[in-house]
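> Can you look at this prediction? I've put the sequence above it.
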Amino acid sequence: MTIKIQFLLENNKMKSFVPDRIRLTRSLNQETGTIVLSFSKVFSIDLLTNNDKPIIGIYLLGNHLSFFTKDIRCIWKNGKPILIQAIFLIDKKDELNLFLKIFKDYAKKNGLNNSIID
């Protein structure tokens with residue numbers, strides 16, 4: 001299964017990006033978890049500084065699944081954005097296991113060697 005990561009902009013346009021880092025964590029009981037996608041290369045298109053098209057959310061899209069989050073954080077340094085993080089909360093064990101499998105392949109295919117996927 002392949003997965004797409006797309007930013008939803010205010011003008012309802014979608015832009016696809018590959019994150020620089022993926023962190024997938026599980027709770028102690030292995031039932032729930034989080035996916036944190038970190039992007040640092042998206043600033044070349046001025047997503048945050050363009051008042052006409054702010055980011056509304058980020059989609060994870062696959063063959064038979066679709067997740068959306070508005071939990072987006074921006075890290076600033078010296079008055080400039082350096083990192084966007086999208087946080088997805090997964091509350092079903094089977095979905096978490098599916099994402100674990102998908103993101104291991106996704107990280108390999110996209111050369112994301114610094115990703116943490118347990």
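Alright, I've got the coordinates.
> which residue packs closest to residue 98, ignoring adjacent ones?
Closest residue to residue 98 apart from its sequence neighbours, by C-beta to C-beta, 6 or more residues apart in numbering: residue 65 at 7.3 Å. Quick note: C-beta positions are derived from backbone N, CA and C, even for glycine.
> Can you check what pLDDT the model gives the one you found?
Per-residue pLDDT puts residue 65 at 79.
> for residue 2, same thing?
75.
> what's near enough to touch the residue nearest to the spatial centre of the chain?
Central residue of the chain (C-alpha atoms, centre = their mean): residue 37, 3.5 Å from the mean position. Residue 37 is in contact with 5, 19, 21, 22, 58, 85, 86, 88, counting by C-beta atoms under 8 Å, 6 or more residues apart in numbering.
> Check residue 99 too.
Residue 99 makes contact with 24, 33, 35, 90, according to C-beta under 8 Å, 6+ apart.
> do you know how far the residue of the chain positioned farthest from its centre is from residue 72?
Relative to the centre of the chain, the most outlying C-alpha is that of residue 78, 24.2 Å out, by C-alpha atoms, centre = their mean. To residue 72, residue 78 is 21 Å away according to C-beta to C-beta, to the nearest Å.
> Mark which of the contacts of residue 99 are part of strands, please.
24, 33, 35, 90 (DSSP state E).
> out of these, which one sits closest to residue 104?
residue 24 (9.0 Å; C-beta to C-beta).
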